[in-house]
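J.: Just a sequence and a predicted model for now, questions to come.
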Protein chains: 2
Amino acid sequence: MNARERIINAAKELFSSKGYSNTSVEEIVRHAGLSKGAFYFYFDSKDQLMEEIVNQMAEKTKSIMRSWLERDVSSEEAIKGHIEEFLTECYEDRHIAYVFFFELLCSKESFRRLYYKHMEEIRALLGQMVGRGYERGEFRRGRPETLVNLILGYMRLVYVEKLLLNGASLKEVLEEAREGLEFILRGLTCG
Amino acid sequence: MNARERIINAAKELFSSKGYSNTSVEEIVRHAGLSKGAFYFYFDSKDQLMEEIVNQMAEKTKSIMRSWLERDVSSEEAIKGHIEEFLTECYEDRHIAYVFFFELLCSKESFRRLYYKHMEEIRALLGQMVGRGYERGEFRRGRPETLVNLILGYMRLVYVEKLLLNGASLKEVLEEAREGLEFILRGLTCG
DNA sequence: CATTATATACTGACTGGTCGGTAGGTAAAC
DNA sequence: GTTTACCTACCGACCAGTCAGTATATAATG
């Protein structure tokens, strides 16, 4: 792993365990086995590093969603599939999502705008997945937007409470997610 | 309003708009029209003020839940009723919940434990509401815990995305919440 | 009634420490 | 000899918390 990547990884770990504001550049470079000078050789500022981390995370998530949108599967399969893939990715690198879901909303206005920008796109992609299910007659109940909100809200909760705070295993997290989705979707199609 | 309350209100507003770490004691007292000395006359530390704010919020939420648990209504009515009351309270004092849902998870370990402690109790209370529905045969599908997660996750999303980021009106927020709950519950009972 | 004592509710200057960012240097690679 | 990839030392800003002092109200004493 090169120096730049080492800095990014150290920052992810520290941001997620101590928060952005409570982590100093000094600490990041200490963990990466480098000096402050090296940090400012690779990054313009602490904020810029944060933005890069967030953009990386968000792009990864979006690309998972896009790849499931392109597949020729039912809406239900796409929803379940992309969530499973997302959570598995999250688990490998647990620190990432935390930063996105919480840290961004706790700090300066510019970070909040970043959250908003990515979240809008993610919401739109999930909206497409769900909308397709309605068009094809897979889903009949409720409005697509409500379904999107239910899925997003549930996923976030599973992530925070199970994966982050309870330290559940990947297996447990996936089971929980499957059960919740089953609940949402079966409820949805049974009427 | 007395000085202590003025400090608490200024802090709520600033914490929620700029984050705990990005708000200085200096700024809080400036907004409250007081001096730093006054702050430390009423509070031991910035952390202690935060804890007091969080405890106040959490207790209010719990007392709403308890009062609905005591009423002789169906599980569905209790769930819908307490959420409506909670969101209405939230709306009046929008700054509160933000601090609880996000700020606590972004900072030091002691704050995270505080979140965990309150959240466990809130989860238990909602668990009682939901469990009663299962006992009485009101709900038949899924596990109670999954239903609790769905409701909590959905509520948090509605709060953040609608109330906080979109600046939706109380009416819009309540409508959204009602629709989502309808979705969850109707799905639940129709099988 | 006047004086003294004490508690309450602050003020604002100061301190010790932290942290983001910079400047200037160095050693290896090309 | 120039560029790359760093390191060390430092600066200035900020900030939580302290502390000595003050003004006002209330109570105790002579």
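T.: Nice, thanks for sending it over. Numbering: from 1, shown residues only, chains lettered A, B, ... in the order given.

J.: Just the buried positions in stretch A:112-120, please.
T.: Of all the residues in stretch A:112-120, those buried under the rule 16 or more other CB atoms under 10 Å in any protein chain shown are A:Arg112, A:Leu114, A:Tyr115, A:His118, A:Met119. (Each C-beta comes from the backbone N, C-alpha and C, glycine too.)

J.: what's the answer for stretch A:125-135, then?
T.: Result for stretch A:125-135 [16+ other CB under 10 Å]: buried residues A:Leu125, A:Leu126, A:Gln128, A:Met129, A:Val130, A:Gly131, A:Arg132, A:Gly133, A:Tyr134.

J.: Name the residues that touch that stretch?
T.: Contact with stretch A:125-135 is made by A:62, A:65-66, A:68-69, A:74-76, A:78-79, A:82, A:138-140, A:144-145, A:147-148, A:151-152, as judged by CB atoms under 8 Å, 6 or more residues apart in numbering or on different chains.

J.: what do you get if the cut-off is 10 Å, keeping everything else the same?
T.: Residues from elsewhere that reach stretch A:125-135 (CB atoms under 10 Å, 6 or more residues apart in numbering or on different chains): A:61-62, A:64-66, A:68-69, A:74-79, A:81-83, A:124, A:138-152, A:155, A:185, A:188-189.

J.: quick revisit: reformat the buried residues of stretch A:125-135 into a markdown table and put secondary structure next to each item.
T.: Putting these into a markdown table (DSSP: H, G, I helix; E, B strand; the rest coil) gives the following:
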| residue | secondary structure |
| --- | --- |
| A:Leu125 | helix |
| A:Leu126 | helix |
| A:Gln128 | helix |
| A:Met129 | helix |
| A:Val130 | helix |
| A:Gly131 | helix |
| A:Arg132 | helix |
| A:Gly133 | helix |
| A:Tyr134 | helix |
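
J.: farthest pair in these?
T.: The largest separation in the buried residues of stretch A:125-135, counting by CB to CB, is between A:Leu125 and A:Tyr134 at 15.4 Å.

J.: domain ranges for chain A?
T.: If you go by automatic domain parsing, the domain ranges for chain A are A:1-43, A:46-189.

J.: In TSV, list those domains along with mean pLDDT.
T.: Supplementary listing: the domains of chain A in TSV, determined by pLDDT from 0 to 100:
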stretch	mean pLDDT
domain A:1-43	93
domain A:46-189	91
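
J.: Adding distance to B:Phe102 as columns, could you present these in a markdown table?
T.: Below are those laid out as a markdown table (distance: least, CB to CB, whole Å):
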| stretch | distance to B:Phe102 |
| --- | --- |
| domain A:1-43 | 11 |
| domain A:46-189 | 5 |
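
J.: Just tell me which of the ones you listed ends up closest to B:Lys108.
T.: Closest among those, using CB to CB: domain A:1-43, at 6.6 Å.

J.: Can that closest one be said to contact DNA strand C?
T.: Yes - counting by CB under 7 Å from any atom of the strand, DNA strand C is contacted by domain A:1-43 at A:Asn22, A:Thr23, A:Ser24, A:Val25, A:Glu26, A:Lys36, A:Gly37, A:Tyr40.

J.: What is the nearest of those to chain B?
T.: In terms of CB to the nearest CB, no member of the residues of domain A:1-43 next to DNA strand C lies closer to chain B than A:Asn22, at 6.2 Å.

J.: my read: the closest one touches B:Cys106, true?
T.: Yes - in this structure, A:Asn22 is within contact of B:Cys106 by CB atoms under 10 Å, at 8.5 Å.

J.: how far out from the middle of the chain is stretch A:87-94?
T.: Stretch A:87-94 sits 9 Å away from the centroid of its parent chain (CA atoms, centre = their mean, to the nearest Å).

J.: no no, stretch A:25-38
T.: Chain-centre distance of stretch A:25-38: 26 Å, with CA atoms, centre = their mean.

J.: And stretch A:169-184, by the same measure?
T.: Taking CA atoms, centre = their mean, one finds stretch A:169-184 lying 16 Å from the centre of the chain it belongs to.

J.: Show me where chain A has its strands.
T.: Counting by DSSP state E, chain A has no strands at all.

J.: near DNA strand D, which residues of it show up?
T.: Near DNA strand D, when you scan chain A using CB under 7 Å from any atom of the strand, you find A:Asn2, A:Ala3, A:Arg4, A:Val29, A:Gly33, A:Leu34, A:Ser35, A:Lys36, A:Gly37, A:Ala38, A:Phe41.

J.: how about a cut-off of 6 Å?
T.: A:Ala3, A:Leu34, A:Ser35, A:Lys36, A:Gly37, A:Ala38, A:Phe41 (CB under 6 Å from any atom of the strand).
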